[in-house]
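Engineer: build me a structure from this.
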Amino acid sequence: MRFSVYITPLYAAVLALLFIALSVRTLRLRRTLRVGLGDQGDRQILRAMRVHANFAEYVPLTLVLILMLELQGISNAPVHFLCACLVIGRVAHAFGVSREPEDYRFRVFGMAMTFTALGGAAARLLLAPVLAP
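Structural biologist: Take a look at the predicted model:
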């Protein structure tokens, strides 16, 4: 019996570890700054919260769309490309937004890569009926 290995779950695991790292960073910062709820006007905790929240806003939907493509039988290369864009985008975004002063180049690049993954997966799913043999 042959065991099928899907690509998207591997990238999802990497992204889950990144999410945990962002969570731990935010929790440690909260503890250090003694901020239990909200940001209490502190720009540093607000940045950490937004990096964490932005990740949570974009990654799940993008992974679901990419997995749908993979389950429909799209070749491995586009799946790797979209997943790699997502990982690189999220790392770049987190790095850029976490800097004080903020490095907008990383933030913009990170969002561009994230939108490439999200929009690319969505567009390919919409084109699936047209591109089907």
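Engineer: quick one, grab the pLDDT at residue 89.
Structural biologist: In this model, residue 89 is scored at 97, pLDDT.
Engineer: that one: neighbour count?
Structural biologist: A total of 23 residues lie near residue 89 under the criterion other Cβ atoms under 10 Å. In this view, the C-beta of every residue, glycine as well, is placed from N, C-alpha and C.
Engineer: how close does it get to residue 33?
Structural biologist: 28 Å (Cβ to Cβ, to the nearest Å).
Engineer: and residue 47, by the same measure?
Structural biologist: 12 Å.
Engineer: looking at the two, which is more packed in?
Structural biologist: A direct count of neighbours by other Cβ under 10 Å for residue 47 and residue 33 places residue 47 higher, at 19 against 14.
Engineer: residue contacts, the more buried one?
Structural biologist: Residue 47 is in contact with 97-98, 100, 102, counting by Cβ atoms under 8 Å, 6 or more residues apart in numbering.
Engineer: I'd like those residues laid out as JSON lines, including pLDDT and neighbour count.
Structural biologist: Listed next are the contacts of residue 47 as JSON lines, based on pLDDT from 0 to 100; neighbours: other Cβ atoms under 10 Å:
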{"residue": "97", "pLDDT": "88", "neighbour count": "20"}
{"residue": "98", "pLDDT": "85", "neighbour count": "18"}
{"residue": "100", "pLDDT": "80", "neighbour count": "9"}
{"residue": "102", "pLDDT": "80", "neighbour count": "13"}
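Engineer: for those residues, give me JSON lines that also has secondary structure and distance to residue 71.
Structural biologist: Shown next, in JSON lines, are the contacts of residue 47 (DSSP: H, G, I helix; E, B strand; the rest coil; distance: Cβ to Cβ, whole Å):
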{"residue": "97", "secondary structure": "helix", "distance to residue 71": "32"}
{"residue": "98", "secondary structure": "helix", "distance to residue 71": "34"}
{"residue": "100", "secondary structure": "coil", "distance to residue 71": "42"}
{"residue": "102", "secondary structure": "coil", "distance to residue 71": "38"}
